[in-house]
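Asks: Turn this into a structure:
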Amino acid sequence: MLHVALLDDHAAVLAGLRRLIDGESDLAVQAAADTAPDLARQLEGQRPDVLVLDYDLARGDGLAHCRRIKARPDPPAVVIYSAYASAALTIASRAAQADALIGKSEPVAALLQAIRLVGRGETAFPPVPHHAHQGAVAKLDDEDLPVFAMLLDREPTEMIAHALRTEPSEIDWRAQRIVGRLSPRISDPATAVRLDRIPR
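Replies: Predicted structure coming up:
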């Protein structure tokens with residue numbers, strides 16, 4: 001049984017996902033909340049196997065939260081679930097060391113498959129065109145490129161710090177800076193969550 005936590009500030013999405021996941025024999029929702037502090041209170045120190053995390057949180061930055069989680073010892077797998085899935089968000093999600101990115105416009109079967117994949121230690125990302133990767137590199141300082149490359153290779157903070165002969169706290173700070181620079185800005189307020197894809 002995979003235990004799943006949900007963090008999304010859209011009440012209809014939360015309710016739909018809870019119903020959907022709890023309807024699967026091998027999945028169970030451990031906690032569901034619209035803010036990170038509320039989710040932490042519900043979990044009461046327990047670790048879920050998988051966290052499904054919205055990118056665009058009204059009261060928080062989903063990728064920054066992902067990066068903080070992934071910097072901890074023995075973090076859960078993280079699926080970024082977003083209405084704004086794109087090549088740029090894929091790169092930023094990988095830099096935040098998420099385990100998967102699924103668009104909210106995708107069929108719910110794609111989300112369930114991603115949850116199961118990351119629960120087994122695999123990843124699930126859409127392909128990224130070469131020019132998008134080049135565009136991401138162009139946004140970063142030269143000194144951050146080795147950190148960026150190792151983040152994409154899923155190296156833990158301690159290993160990156162050891163390789164670059166610096167402190168883990170320095171790597172955490174630089175990783176957050178990288179994710180912040182790569183996170184796409186949401187410029188189209190007309191983009192809506194596809195609630196028709198989520199069973200009510």
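Asks: quick check: longest helix of this protein.
Replies: Taking DSSP state H as the criterion, the chain has its longest helix at helix 168-182.
Asks: contacts for that one?
Replies: 63-64, 67-68, 71, 88, 91-92, 95-96, 136, 139-140, 144, 147-148, 151, 157-158, 160-161, 164 (CB atoms under 8 Å, 6 or more residues apart in numbering). Placement of C-beta: from N, CA and C, glycine included.
Asks: Could you give me the buried positions within that helix?
Replies: 171-172, 174-176, 178-179, 182 (16 or more other CB atoms under 10 Å).
Asks: for the record, mean pLDDT for that helix?
Replies: Across helix 168-182, the average pLDDT comes to 95.
Asks: Convert the C-alpha atoms of it to PDB, please.
Replies: Extracted C-alpha coordinates of helix 168-182, given in PDB (Å, rounded to 0.1, in the frame of the first residue of the first chain):
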ATOM      1  CA  PRO A 168      25.600  21.400   2.400                       C
ATOM      2  CA  SER A 169      23.900  24.700   3.500                       C
ATOM      3  CA  GLU A 170      25.600  26.400   0.600                       C
ATOM      4  CA  ILE A 171      24.300  23.800  -1.800                       C
ATOM      5  CA  ASP A 172      20.800  24.200  -0.400                       C
ATOM      6  CA  TRP A 173      20.900  28.000  -0.900                       C
ATOM      7  CA  ARG A 174      22.300  27.700  -4.400                       C
ATOM      8  CA  ALA A 175      19.700  25.000  -5.300                       C
ATOM      9  CA  GLN A 176      16.900  27.200  -4.100                       C
ATOM     10  CA  ARG A 177      18.300  30.100  -6.200                       C
ATOM     11  CA  ILE A 178      18.500  27.800  -9.300                       C
ATOM     12  CA  VAL A 179      14.900  26.600  -8.900                       C
ATOM     13  CA  GLY A 180      13.800  30.200  -8.300                       C
ATOM     14  CA  ARG A 181      15.400  31.400 -11.600                       C
ATOM     15  CA  LEU A 182      14.100  28.500 -13.600                       C
END
